[in-house]
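Q: The following block contains a protein sequence and its predicted model.
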Amino acid sequence: MYQAIVYIHVISAVTWLGGMLFLAMVMVPLARRDAGAGFATLREAARKFVPVAWASMLVLAVTGGYLAWTHWGVRPGTFFGGEGHFLQFLQMKTGLFVIVILLSVAHDFWLGPMMMDRLEAARASGAPPPAGPARLFVQWAARVNLLLVLGVVALAVWMTRP
């Protein structure tokens with residue numbers, strides 16, 4: 001059972017991180033190159049990826065909690081009051097994961113859709129794309145989230161070896 005849960009955990013992480021990397025490294029440059037069709041394709045890809053990303057995050061939280069509880073014997077008291085290399089890395093990993101979730105909520109459900117609507121309206125009217133703090137936040141939230149997810153993966157690798 002342990003191996004099956006670890007397998008599901010890893011596949012969820014690969015799906016989530018792979019999707020983020022695909023959007024950042026393939027879809028965004030295509031959208032910038034071809035402002036019309038590229039933008040529409042990026043918006044559609046992002047809309048389709050959001051449920052996949054959130055499903056992956058949910059599976060990661062459930063399988064991660066299950067593994068910590070059943071395999072490593074981590075309980076709330078141990079998690080918040082325990083010591084040791086493994087627990088320290090688990091706390092950092094969990095903290096980063098929570099930050100990623102908060103940034104993802106703001107990006108995926110609030111500022112991201114708002115900015116996509118503004119960009120679409122500007123392109124339809126021939127106006128220049130909107131600028132300002134909201135657009136910068138959307139761009140940087142996605143970048144920071146990607147870096148934080150890479151950090152979560154790095155911590156997952158390091159937490160099992162002293």
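A: Structure received.
Q: By mean pLDDT, which helix or strand of the protein comes out lowest?
A: helix 112-125 (a mean of 81; mean pLDDT, DSSP states H and E).
Q: contact partners of it?
A: Contact partners of helix 112-125, identified using C-beta atoms under 8 Å, 6 or more residues apart in numbering, comprise 35-36, 39, 43, 46, 127-130, 134-135, 138, 142. In this view, the C-beta of every residue, glycine as well, is placed from N, C-alpha and C.
Q: Just the buried ones out of these, please.
A: The neighbour count (16 or more other C-beta atoms under 10 Å) marks 39, 43, 46, 135, 138, 142 as buried among the contacts of helix 112-125.
Q: how about the fifth one, what does it touch?
A: By C-beta under 8 Å, 6+ apart, residue 138 lies in contact with 107, 111-112, 115.
Q: can you list those residues in CSV and add distance to residue 53 and neighbour count?
A: Converted to CSV, the contacts of residue 138 look like this (distance: C-beta to C-beta, whole Å; neighbours: other C-beta atoms under 10 Å):
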residue, distance to residue 53, neighbour count
107, 10, 22
111, 16, 18
112, 12, 22
115, 17, 20
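Q: List just the nearest of these to residue 150.
A: Using C-beta to C-beta, residue 107 is the member of these that lies nearest residue 150, at 16.4 Å.
Q: secondary structure element for the residue nearest to that closest one when sequence neighbours are not counted?
A: Spatial nearest neighbour of residue 107, excluding adjacent residues (C-beta to C-beta, 6 or more residues apart in numbering): residue 141 at 4.4 Å. Taking DSSP states H and E as the definition, residue 141 sits inside helix 133-159.
Q: related to what we said a few turns ago, what distance do you get for the residue nearest to residue 107 to residue 99?
A: When distance is defined by C-beta to C-beta, to the nearest Å, residue 141 is 11 Å away from residue 99.
Q: Neighbour count for those two, which is higher?
A: A direct count of neighbours by other C-beta atoms under 10 Å for residue 141 and residue 99 places residue 141 higher, at 18 against 15.
Q: on that earlier part again, turn the buried ones among the contacts of helix 112-125 into TSV, columns for distance to residue 8.
A: Listed next are those as TSV, based on distance: C-beta to C-beta, whole Å:
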residue	distance to residue 8
39	35
43	30
46	25
135	37
138	31
142	26
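Q: Looking at the residues you listed, which one is closest to residue 23?
A: Comparing the buried ones among the contacts of helix 112-125 against residue 23 with C-beta to C-beta places residue 46 closest, at 6.4 Å.
Q: Does the closest one touch residue 22 like I think?
A: No. With contacts counted by C-beta atoms under 8 Å, residue 46 stays clear of residue 22, the gap being 10.7 Å.
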